[in-house]
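Q: Pasting the sequence and the predicted model now:
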Amino acid sequence: MVFNVPWIFSPVRSVLTVFHQLIKCEIPELNKASVCVRDKGRVETIINNMRRAGPNALQVISDFDMTLTRFAHNGTRCPTTHNILHSSALISDDCKAKMTDLLAHYYPIEIDNSMSVEEKVPHMVEWWTQAHDLLVQQRIRKDQLAQAVRDSGSMLREGYKSFFDVLQQNSVPLLIFSAGIGDILEEVIREHGVFHPNVRIFSNYMDYDQHGVACAFKGELIHTFNKREGALQNTHQFVHDRTNVLLLGDSLGDLNMADGVKDLHDILRIGYLNDKVEERREAYVSSYDIVLEKDETLDVPNAILNYITAGK
Ligand SMILES: Nc1ccn([C@@H]2O[C@H](COP(=O)(O)O)[C@@H](O)[C@H]2O)c(=O)n1
């Protein structure tokens, strides 16, 4: 059992670690009740190293659905990129019903704390494959995607503008590694006015025929638990002269998204724990450096980024 009482202790390691006064004052967001930290000394050291190295040494690697987008708003679940498409007017009622059934069956497996990643993988492959096959049958037109996103009520987390803008202003690359649908993801960030040139996306993209109708998904399937393989295959696309990584995720499958970065110096992993909080807290606090429980904001990543970039 891990308690998120700020600055007290972490029974996961039974080590008493505290943030020093300086970082507590400079980054007061770390005092939020939503923040859980296993080893505060380690987090402080990493953040200070990153500040000393400055924004030129930094890249941000992030998941998208439920990490940069909100998990819930006013008690209602917010849509993932898949949900945006399957709830849209572009999809038949029959397809909607099938996609909803798939979600109801496979999402509990995705977040099941009692199953290993190895046990989950075949189920995730089945889920994504069936969902993509259904979507491809719908003859979705590329030029209709922007409207589908506008109609969807998709929401980036509170503080998104500062997050994207500060990275852009400091020329820090933002690499988004998503098992969602890349075409929809792009529309979401375009719609929010933050698709800046420093953003790069690795995701599942649709392929279109000469009429602009989706006819397949391109390349290797990316699901929640094979991002490491994808990251390693795409190492040539990572920004190699930037050896410090701020990693944001919401799944244990996101932890290895930076495995393709060569000469990695410092990495700070921030994990959003959105669902099944009690059951999964221990696993998250053992794996992520900072865990944000039911926190729908980017306050903590923003505060850390501001602290790092202010040191330049
Ligand atoms: N048919 C599907 C398949 C997956 N999902 C959810 O999308 C999320 C993946 O995106 P990330 O940006 O988080 O990698 C994943 O967590 C699934 O729950 C879906 O909604 N429908």
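A: Yep, it's here.
Q: and the protein, which of its residues are near the ligand?
A: 63-66, 80, 82-83, 102-103, 107, 110, 127-128, 131, 178-180, 224 (C-beta under 6 Å from any ligand atom). For the C-beta atoms, the positions are set from N, CA and C on the backbone; glycine is no exception.
Q: switch the cut-off to 5 Å
A: Taking C-beta under 5 Å from any ligand atom, the part of the chain that reaches the ligand is made up of D63, F64, D65, T80, H82, A131, S178, A179, G180.
Q: Looking at the residues you listed, which are in helices?
A: In this view, these that belong to helices under DSSP state H are H82, A131.
Q: And the residues of the chain next to the ligand, which two are furthest apart?
A: D63 and A131 (18.0 Å; C-beta to C-beta).
Q: Compare those two (neighbour count), which wins?
A: Neighbour count, other C-beta atoms under 10 Å: between D63 and A131, D63 has more, with 25 against 22.
Q: if I pick the more buried one, what's in contact with it?
A: Counting by C-beta atoms under 8 Å, 6 or more residues apart in numbering, D63 makes contact with I176, F177, S178, K227, L248, G249, D250, S251, D254, M257.
Q: Closest one of those to the ligand?
A: Of all those, the ligand sits closest to S178, with 3.6 Å by C-beta to the nearest ligand atom.
Q: Could you look up the next helix or strand downstream of the worst-scoring helix or strand of the chain on mean pLDDT?
A: Counting by mean pLDDT, DSSP states H and E, the weakest-scoring helix or strand in the chain turns out to be helix 21-26, with a mean of 76. Using DSSP states H and E, the helix or strand that follows helix 21-26 towards the C-terminus is strand 35-37.
Q: Pull out the buried positions in the following helix or strand past that following strand.
A: Using DSSP H and E, the helix or strand that follows strand 35-37 towards the C-terminus is helix 40-53. Of the residues in helix 40-53, those scored as buried under the neighbour-count criterion (16 or more other C-beta atoms under 10 Å) are K40, V43, E44, I46, I47, N48, M50, R51, A53.
Q: Then stretch 171-181?
A: Across stretch 171-181, burial judged by 16+ other C-beta under 10 Å covers V172, P173, L174, L175, I176, F177, S178, A179, G180, I181.
Q: one step back: of the contacts of D63, closest to A283?
A: For the contacts of D63, the nearest to A283 is S251 (10.7 Å; C-beta to C-beta).
Q: Now that closest one: closest residue in space, sequence neighbours ignored.
A: Counting by C-beta to C-beta, 6 or more residues apart in numbering, the nearest residue to S251 once its immediate chain neighbours are dropped is T224, at 5.3 Å.
Q: now swap in A53 and tell me
A: For A53, the closest residue by C-beta to C-beta, 6+ apart turns out to be N244, at 5.6 Å.
Q: Count the residues that sit near that neighbour.
A: Counted by other C-beta under 10 Å, the residues lying close to N244 total 25.
Q: Pull the contacting residues for it.
A: For N244, the contacting residues are N49, M50, A53, A57, L58, Q59, H265, D266, I267, taking C-beta under 8 Å, 6+ apart as the criterion.
Q: mind checking the backbone torsions on it?
A: Main-chain torsions, N244, degrees, to the nearest 10: phi -110, psi 130.
Q: Bridged to it, which residues?
A: With beta bridges defined as DSSP bridges, N244 has these partners: L58, D266.
Q: Look up how far T100 lies from it.
A: Counting by C-beta to C-beta, to the nearest Å, the separation of N244 from T100 is 41 Å.
Q: where do the strands sit along the stretch 1-150 of the chain?
A: Assigned by DSSP state E, counting those that start in this stretch, the strands in the stretch 1-150 of the chain fall at 35-37, 58-62, 72-73, 76-77.
Q: got CSV for those strands, with mean pLDDT too?
A: Converted to CSV, the strands of the stretch 1-150 of the chain look like this (pLDDT from 0 to 100):
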stretch, mean pLDDT
strand 35-37, 96
strand 58-62, 97
strand 72-73, 95
strand 76-77, 92
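Q: just the ones you listed: most buried one?
A: Ranked by average neighbour count under the criterion mean count of other C-beta atoms under 10 Å, the strands of the stretch 1-150 of the chain are headed by strand 58-62 at a mean of 24.
Q: what inclination does that strand have with respect to helix 40-53?
A: Here the directions of strand 58-62 and helix 40-53 differ by 130 degrees (axes from the mean of the first three to the mean of the last three C-alpha atoms, to 10 degrees).
Q: Show residues contacting strand 58-62.
A: If you take C-beta under 8 Å, 6+ apart as the criterion, strand 58-62 is touched by 50, 68, 167, 172-177, 238-239, 242, 244-249, 257-258, 261, 305, 308.
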